[in-house]
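*Asks:* A predicted structure for the sequence below; I have some questions about it.
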Amino acid sequence: MDIFTETRKEIEQLAENDYKKFSASLLPGIDHVLGVRLPQLRELAKRIAKEDWHRYLAAEPYYFEEIMLQGMVIGAIQVTPEERLQYIAGFVPCINSWSVCDTFCGGLKFTAKNQALVWEFMQPYLHSGEEYQIRFAVIMMMSYYLTDDYIDTVLALLDGVNHDACYVKMAVAWALATALAKQPEKTWAYFQNHHLDMDTWKKTIQKSLESRRISEEQKAALRVMRSQLAKK
């Protein structure tokens, strides 16, 4: 039995009906959800990364969890940064949900030691016009580039994102709220002179207010901004 067929049987056995209902409720429009928890998929990914992972990544996924698992394997395999980017390039067009996108990005921890290489690689996705490809670039910037060296460029790029898709707007808002927590001075200055569309700006204020890492003083100012928006 090949590794893909064997793993499919395993994830089918790990499926939980109640968790399937919960997961499916968070993934509108996504079919073939089994209901397998992420920690269990991560354990499978670690094992596959030590076995015949080439064959696993070459197989055609059917279940939502299989797409998720392939993304996790790409993050876990022991390859050069350049080789990993080749697999990332093949996977990004397969991203079809915020959940796969965000989990995939979270697993690409090699980025921290290869910032310049990955930065150049991901720029075309930011301008692709495709909902989840843009989200991929935004979540990557949020996850690995809210640093002193990159923050100015990140804020400028986020300001230029212009896409009507909900999951793009939510990603930008989340990234900006995280930037406010990690780089408060520069992000707060940006908030005073941004060019975000109204919907994204409202989402940014809301995400910032929900954050536990943002000062009460800034939250008070954000509430004033929100009340001013409500009067327009």
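*Replies:* Nice, thanks for sending it over.

*Asks:* next, count neighbours for the residue nearest to Asp152 when sequence neighbours are not counted.
*Replies:* Spatial nearest neighbour of Asp152, excluding adjacent residues (CB to CB, 6 or more residues apart in numbering): Lys186 at 6.7 Å. Any C-beta I mention is one placed from the backbone N, CA and C, and that applies to glycine too. Neighbour count for Lys186, taken as other CB atoms under 10 Å: 17.

*Asks:* okay, and Lys186 sits in which element?
*Replies:* Per DSSP states H and E, Lys186 falls inside helix 184-191.

*Asks:* okay, the residue positioned nearest the centre of the chain: pLDDT?
*Replies:* In the chain, the residue lying closest to the centroid (CA atoms, centre = their mean) is Asp102, at 2.6 Å. What the model reports as pLDDT for Asp102 is 98.

*Asks:* could you double-check that it sits in contact with Ile139?
*Replies:* Yes - between Asp102 and Ile139 there is a contact at 5.6 Å, judged by CB atoms under 8 Å.

*Asks:* the longest helix seen in the chain to helix 184-191, inter-axis angle?
*Replies:* Longest helix of the chain, by residue count under DSSP state H: helix 166-182. Angle of helix 166-182 versus helix 184-191, following axes from the mean of the first three to the mean of the last three CA atoms, to 10 degrees, is 140 degrees.

*Asks:* helix 166-182 - what's its average pLDDT?
*Replies:* Averaged over helix 166-182, pLDDT sits at 98.

*Asks:* packing partners for it?
*Replies:* With contacts taken as 3 or more CB pairs under 8 Å, 6 or more residues apart in numbering; DSSP states H and E, helix 166-182 sits against helix 98-107, helix 131-144, helix 151-160, helix 184-191, helix 198-210.

*Asks:* ranking those helices by burial, who's on top?
*Replies:* Comparing the helices and strands packed on helix 166-182 on average neighbours per residue, with mean count of other CB atoms under 10 Å, the densest one is helix 131-144 at a mean of 24.

*Asks:* who are the packing partners of it?
*Replies:* Identification of packing neighbours for helix 131-144 by 3+ CB pairs under 8 Å, 6+ apart yields helix 98-107, helix 115-126, helix 151-160, helix 166-182.

*Asks:* report all helices and strands that the helix-or-strand element of the chain with minimal mean pLDDT contacts.
*Replies:* Least confident helix or strand of the chain, by mean pLDDT, DSSP states H and E, is helix 216-230 with a mean of 90. Counting contacts by 3+ CB pairs under 8 Å, 6+ apart, helix 216-230 is packed against helix 184-191, helix 198-210.

*Asks:* tabulate the CA atom coordinates of the last one in CSV.
*Replies:* If I follow you right, that is helix 198-210. The C-alpha trace of helix 198-210 is given here as CSV (Å, rounded to 0.1, in the frame of the first residue of the first chain):
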residue,chain,number,x,y,z
MET,A,198,-13.6,51.7,4.7
ASP,A,199,-14.5,48.0,5.2
THR,A,200,-10.8,47.0,5.7
TRP,A,201,-10.3,49.9,8.1
LYS,A,202,-13.3,49.0,10.2
LYS,A,203,-12.0,45.4,10.4
THR,A,204,-8.6,46.7,11.4
ILE,A,205,-10.0,48.8,14.2
GLN,A,206,-12.1,45.8,15.4
LYS,A,207,-9.1,43.4,15.3
SER,A,208,-7.0,45.9,17.2
LEU,A,209,-9.6,46.3,19.9
GLU,A,210,-9.8,42.5,20.3
